[in-house]
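Student: One predicted model, sequence on top.
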Amino acid sequence: MIVDAHSHRFSPDAIVNIGIGDTFVGETCSMGVHPWNTTDNAAAMRDLETLSQRCGDERVVAIGEAGLDRLRGGDMEFQFTVFLAQVELSEKIGKPLIIHAVRTLNEILKVRQTSGATMPWIIHGFRGGKAKAEKVLSTGIHLSIGEKFSLDTIAAIPDDELIIETDESTLTIGEIATKVAEARNTTANAVMTLSAKNIARIFRLVNR
């Protein structure tokens, strides 16, 4: 049962994010060209080529992290090029997209609206407020919640949209579930059950 939507350390209950050239870890992985890795255009294009060759493996259940970051990475024009290439790849192979977005939420939403993408998108580590969360969810994009989050956002996320993650946190997924549960006035077990159910649906892991 996968409870953790996005982690940078191995756990059998997580979708583990691995590097483009890394050895596969476990049975549920994600890989993508992170916006931070777009400072060298030639290297990023090579990474995209390698990604396209490896992402068909059944252990890769999602493309990502992909996205846009105004604080780090290459110039925005090239970040868009790399992001759009991964949107296209996600659609081509039929796998969800895990998104890293820093001060680029409006741009991400615009791409979703104009690209014709139909695969699930998940903005990981979402820390925005209730209004932003509702805006994102209204477009059909999902949110994954980690160690740090807005209390009013947590209360507003519907049960069928609640997904949790460890990302790079030193906390366990159980500890993050406890923090989320306190904000939602429920139990950690209930949060983990919802997360597992929603991850299975959104990432199409029902038969795993």
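Tutor: Okay, I see it.
Student: In three-state terms, how would the residue nearest to Gln86 when sequence neighbours are not counted be classified?
Tutor: Leaving aside its chain neighbours, Gln86 sits nearest to Ala66 (4.0 Å; criterion: Cβ to Cβ, 6 or more residues apart in numbering). Where C-beta positions appear, they are placed from N, C-alpha and C, glycine not excepted. What DSSP: H, G, I helix; E, B strand; the rest coil gives for Ala66 is strand.
Student: from memory Ala66 sits against Met31, does it?
Tutor: No: using Cβ atoms under 8 Å, Ala66 makes no contact with Met31, being 9.9 Å away.
Student: what's the distance between the residue most central in space within the chain and Pro120?
Tutor: Closest to where the C-alpha atoms of the chain average out (Cα atoms, centre = their mean) is Ile98, at 2.9 Å. Counting by Cβ to Cβ, to the nearest Å, the gap from Ile98 to Pro120 is 10 Å.
Student: Could you give the number of residues near Glu77?
Tutor: 7 (other Cβ atoms under 10 Å).
Student: just the one 5 residues further on next, same as before
Tutor: By the other Cβ under 10 Å criterion, the neighbourhood of Val82 contains 25 residues.
Student: pLDDT score assigned to it?
Tutor: Confidence at Val82, expressed as pLDDT, is 98.
Student: what bridges to Cys145?
Tutor: You called it Cys, but residue 145 is Ile. Beta-bridge partners of Ile145, counted by DSSP bridges, are Ile164.
Student: mind listing what it touches?
Tutor: Residues near Ile145 by Cβ atoms under 8 Å, 6 or more residues apart in numbering: Gly125, Phe126, Thr153, Ile154, Ile157, Leu162, Ile163, Ile164, Glu165, Ile176, Val180.
Student: Having no further points to raise, I will conclude here.
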